[in-house]
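Participant: below is the sequence, then the predicted model.
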Amino acid sequence: MAKGYLWYDTGAYFEEQARAKDLMYDFNHSRPSEEEKRKALLPQIFGDIGSHTIIQQPITIMRGKTVHIGDFCYFNSNTFFVDDSEIWIGDGVLFGPNVTISTTGHPVDPELRATGAMYSFPVHIGNGAWIGSNTVIMPGVTIGDNAVIGAGSIVTKDIPANVVAFGNPCKVYRPITEKDKLYYYHDRRIDEMEGMVMKTEIFDD
């Protein structure tokens, strides 16, 4: 699996998955007020989990320990990790709802596929990336630092840093430029927000 060869389910894999599913169940079925319980579960679920990272319920995982998440990340509800291979997520990454990262696929040939053969390749997401809702990220993809992936995208190939990309298949639309420091949404200027009080305590200790 780690070398990208075809692989098949084994007893050891099922045992690892059973452990992950138990932890996932505890996380997903905690009460909204049981924030400390969920925080305590995260290091047991994932290989690495950074500080001030928030993961909303529910989540779906295959293995858990193969997912590595940086600091100050936010994952909206229904994140789905098909994490048979490693998933590396940098600092300050944002996920919209219903994002799927799949490191695993099956051969196109029906006879080979019928044997249960699979392949897996790692996924890397750089610091500061924003992944829009209902995005699907396919095996072996790397998304660069600060990239914005538009909602509903199917990411089949690498996306470079500092670009806006979207579509099925996902393609680069434009670079992120100095103009983006002036406008926060279409023709809405950031300087028009001057004088307004904006405060969030979401990442406070």
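Facilitator: Alright, I've got the coordinates. Numbering: from 1, shown residues only.
Participant: who are the packing partners of the strand or helix carrying residue 172?
Facilitator: Using DSSP states H and E, residue 172 falls within strand 171-175. Secondary-structure packing of strand 171-175 (3 or more Cβ pairs under 8 Å, 6 or more residues apart in numbering; DSSP states H and E): strand 163-166. C-beta here means a position set from N, CA and C on the backbone, and glycine is covered the same way.
Participant: name every strand pairing with the strand it packs on and say which way it goes.
Facilitator: Strand 163-166 pairs in its sheet with strand 148-149 (parallel), strand 171-175 (antiparallel), by DSSP bridges.
Participant: point out the most buried one among these.
Facilitator: Among the strands paired with strand 163-166, strand 148-149 has the highest mean neighbour count (mean count of other Cβ atoms under 10 Å), at a mean of 24.
Participant: all helices for this structure, in order.
Facilitator: Ranges of helices in the chain, per DSSP state H, are 11-28, 35-45, 110-114.
Participant: now for those helices, which one comes closest to residue 84?
Facilitator: helix 11-28 (8.3 Å; Cβ to Cβ).
Participant: what does that closest one contact?
Facilitator: Taking contacts as Cβ atoms under 8 Å, 6 or more residues apart in numbering, the residues outside helix 11-28 that touch it are 37-38, 41-42, 44-45, 57-65.
Participant: what about this protein, any weak spots by pLDDT?
Facilitator: Applying pLDDT under 70 to the chain flags the ranges 194-205.
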